[in-house]
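In: generate coordinates for the sequence data below:
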Amino acid sequence: MTAIHHLQHIAELGPVLEGLGIRHVILAPGSRNAPLMQLFTSGNRFSCHSIVDERSAGYVALGMARQLGLPVAVVTTSGTAVLNLSPAVAEAYQQCIPLVVLTADRPREILTQFNNQVTDQRAPYFNHSKGFFEFPVQVRDLSSLEQDIRTVEQLVSEALREPAGPVHVNLPLAEPLYVPLPESALSGVTVNTPSEELPVPEVLPAVGPGEKKILVLAGMGPGERKVQGALELLLAHRQAAVVAENISNLNAPSFVSNPELVLAGATEEERRALAPDLILAFGLQVVSKRLKLFAESCPDADLRSLETGTDPVELFRELAGIRPCENRYLTLWKGIEGREQARVQSFLREAPFGNLTALARILEVLPGGTVVHLGNSATIRYSQLIPVNPDLSYFSNRGISGIDGSLSTAVGSAMVSDQQHLLIMGDLSFVYDSNGLWNKDFPENLKVVVMNDGGGGIFRLLDGPDRMDFFEEFSVTRHPVSLELLAGAFGRRFVRASGMEELENQLHALCDPDNRLCILEVDTTGSENSRIFKSLFTKSDS
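Out: Residues are numbered from 1 along each chain as shown. Take a look at the predicted model:
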């Protein structure tokens, strides 16, 4: 029997991954993964990007996959490198983004006390991935190899099948590692691309004709036009309202985009009238806490949540029926929203410089077509108080809602896009993920705004934390980092604005795609951000 090359399975991976649509590969450095780096960098089948920090690498891959709507592979060496991908893998799982994680490993047959970089890499993302496969250290024959490659093909196909998500392939590799890969020996393996058809919900909500009120909650998503059209049809034929925050990317004029304002500003009588008979939720996460509490406070409402990955279009169309009606329920929602938006605009004109006023102005002047990335914590919450601009796209890592990869994700998105991208994030998030700037292919079409309020400003917006003794030291966590020096360490052009006049002067450069400005610090450390925010809602609640 002819011996099988100890790296033959690596050689066979290339055609399968290429056939399943993978074009971009993020490579984190290492030695054990050298055969994988050789595979992806040989020839021009794959576009390879070197990211040293594996935590950042995972989020860059996530941003690419989300922007492209295609799978992206991320490759690491063994040991803690594998574990450092965990936050990005968990976020990709919650956002239904197809990441293909390829991790090199050390053969388990070798005594671990004689090795370094050894950890158990069998399914480290077990609860946050759609599947796992581990190659054997030594392939016995071509028949076994073909079976293993077909398993990988099926696994990657599963990453693409709705609801999409990450998958993990672990590859224990025996030495020698730095040798030429063999030629492919499995020319007969075919790649089966999964069908793009989405399942349709089988059970329609039990709502007959009449005056029953339907509240549709549209969660985070890419904002498909056919979904928006079906929802508009529903509004024309039912007593219905659609609540669609900015990150749903569904932005018809008839949709309610600021539920936080509506529910904060509604009177008790209006809140009772807003209570629906049916709540129909689809998509991913929503941001508004008031909206969640409102849904929970409607015990008589029939709550239906469409399974992630199902196609809601036919459901909405069938639910609409054929007879148009005067939608008084929507008129109530939109009336309150219009009233509260006008109040907020008046408030912002008089409010002092701070996070809220600065962010509102930035979003107001952005050119159409800009892709806006919103950091977690205070930034995403401020944005929910500002009317949606239908000419912008909005994204945020709201799957797990961590601060750890906001910058890296925006970098990955911009790297595979011709559009202008703008990231707005807090200072702690920026410092935490500053290795996202460590990228030789850093995209010139990405601008970053850092809202520097001197620490974890989100905790000042919440009711309760500031009454605790540990608040300043352990919640706000002020830092000594100079954002300008940090940006300069990575060679990024930096400017600062400490007031509205300075901000206005920098906005032209920020919106100019030919200007090499990379990072704008909006310094609000001298502003009373929490007082401004709370006074907005104090007036609303009064």
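
In: got any ranges where the stretch 51-200 of the chain has weak pLDDT?
Out: Counting by pLDDT under 70, the ranges of the stretch 51-200 of the chain that qualify are 109-117, 187-200.

In: ranges for the strands of it?
Out: Remark: strands assigned in the stretch 51-200 of the chain by DSSP state E, counting those that start in this stretch are 72-76, 99-105, 132-134, 167-172.

In: same for the longest helix anywhere in the chain, what does it pack against?
Out: Ranked by residue count, the top helix of the chain under DSSP state H comes out as helix 328-350. Packing contacts for helix 328-350, counted by 3 or more Cβ pairs under 8 Å, 6 or more residues apart in numbering; DSSP states H and E, involve strand 239-244, helix 259-265, helix 268-274, helix 355-365, helix 529-541. Where you see a C-beta, it was placed from the backbone N, CA and C, and this is true even at glycine.

In: low-confidence ranges, the stretch 351-500 of the chain, go.
Out: Judged by pLDDT under 70, the stretches of the stretch 351-500 of the chain that qualify are 455-477.

In: need the strands for it, in chain order.
Out: Under DSSP E, counting those that start in this stretch, the stretch 351-500 of the chain gives strands at 371-374, 393-395, 421-426, 446-452, 494-497.

In: any idea how the chain splits into domains?
Out: Using automatic domain parsing, the domain parsing of the chain gives 8-172, 213-339, 351-541.

In: list phi and psi for the spatially most central residue of the chain.
Out: The centroid of the chain falls nearest to N397 when counting by Cα atoms, centre = their mean (3.4 Å). The phi/psi pair for N397 (degrees, to the nearest 10) reads phi -80, psi 80.

In: that one reaches S406, doesn't it?
Out: Yes - applying Cβ atoms under 8 Å as the test, N397 and S406 come out as touching, 6.0 Å apart.

In: now the common contact residues for those two.
Out: With contacts taken as Cβ atoms under 8 Å, 6 or more residues apart in numbering, N397 and S406 have N376 as neighbours in common.

In: okay, G335 and N246: tell me how far apart.
Out: Per Cβ to Cβ, to the nearest Å, G335 is found 21 Å from N246.

In: ah, wrong one, I meant A92
Out: 21 Å.

In: and the two? which has more neighbours close in?
Out: A92 (34 against 27; other Cβ atoms under 10 Å).

In: so the more buried one touches M64, yeah?
Out: No - counting by Cβ under 8 Å, A92 sits too far from M64 to count as a contact (11.0 Å).

In: quick one: average pLDDT of stretch 21-31?
Out: Stretch 21-31 comes out with an average pLDDT of 97.

In: before we move on, what about stretch 252-266?
Out: Mean pLDDT, stretch 252-266: 97.

In: tell me which residues of that stretch come out buried.
Out: 254-266 (16 or more other Cβ atoms under 10 Å).

In: using JSON lines, please lay out those together with distance to V450.
Out: Below are those laid out as JSON lines (distance: Cβ to Cβ, whole Å):
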{"residue": "S254", "distance to V450": "35"}
{"residue": "F255", "distance to V450": "31"}
{"residue": "V256", "distance to V450": "31"}
{"residue": "S257", "distance to V450": "25"}
{"residue": "N258", "distance to V450": "25"}
{"residue": "P259", "distance to V450": "28"}
{"residue": "E260", "distance to V450": "24"}
{"residue": "L261", "distance to V450": "26"}
{"residue": "V262", "distance to V450": "30"}
{"residue": "L263", "distance to V450": "30"}
{"residue": "A264", "distance to V450": "28"}
{"residue": "G265", "distance to V450": "31"}
{"residue": "A266", "distance to V450": "35"}
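
In: which one among these gets closest to I149?
Out: Of all the buried residues of stretch 252-266, F255 has the smallest distance to I149: 46.5 Å, by Cβ to Cβ.

In: kindly provide the distance from that closest one to A320.
Out: To A320, F255 is 15 Å away according to Cβ to Cβ.

In: same thing with P29?
Out: Using Cβ to Cβ, we find P29 at a distance of 55 Å from A320.

In: deepest of the strands of the stretch 51-200 of the chain, which one?
Out: Among these, strand 72-76 has the highest mean neighbour count (mean count of other Cβ atoms under 10 Å), at a mean of 28.

In: give me the sheet partners of that one and which way each runs.
Out: The pairing partners recorded for strand 72-76 under DSSP bridges are strand 24-27 (parallel), strand 99-105 (parallel).

In: and the contacts of the first one?
Out: Think strand 24-27. Outside of strand 24-27, the residues within contact range by Cβ under 8 Å, 6+ apart are 33, 36-37, 40-41, 46-51, 57-58, 60-61, 64, 68, 72-75, 416.

In: buried members of those into PyMOL, please.
Out: With 16+ other Cβ under 10 Å as the criterion, this PyMOL line picks the buried residues out of the contacts of strand 24-27:
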select buried, resi 33+36+37+40+46+49+51+57+58+60+61+64+68+72+73+74+75+416
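
In: show me the contacts of strand 24-27 that map onto helices.
Out: L36, M37, F40, T41, A57, G58, V60, A61, M64, L68.

In: how near is the first one to A240?
Out: It refers to L36. From L36 to A240 the distance is 51 Å (Cβ to Cβ).

In: also the third one?
Out: Distance, F40 to A240, using Cβ to Cβ: 49 Å.

In: let me see the contact set for H5.
Out: Taking Cβ under 8 Å, 6+ apart as the test, what H5 contacts is A11, P182.

In: for S377, which of the strands of the stretch 51-200 of the chain is the nearest?
Out: Set against S377 and scored by Cβ to Cβ, the strands of the stretch 51-200 of the chain come closest in strand 99-105, at 24.1 Å.

In: and the angle from that closest one to strand 167-172?
Out: Inter-element angle recorded for strand 99-105 and strand 167-172: 10 degrees (by axes from the mean of the first three to the mean of the last three Cα atoms, to 10 degrees).

In: please save the CA atoms from strand 99-105 in CSV.
Out: Extracted C-alpha coordinates of strand 99-105, given in CSV (Å, rounded to 0.1, in the frame of the first residue of the first chain):
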residue,chain,number,x,y,z
LEU,A,99,-17.3,31.9,9.9
VAL,A,100,-15.1,28.9,9.1
VAL,A,101,-12.6,28.4,11.9
LEU,A,102,-9.5,26.3,11.1
THR,A,103,-7.2,25.6,14.1
ALA,A,104,-3.9,23.8,14.0
ASP,A,105,-3.3,21.4,16.8
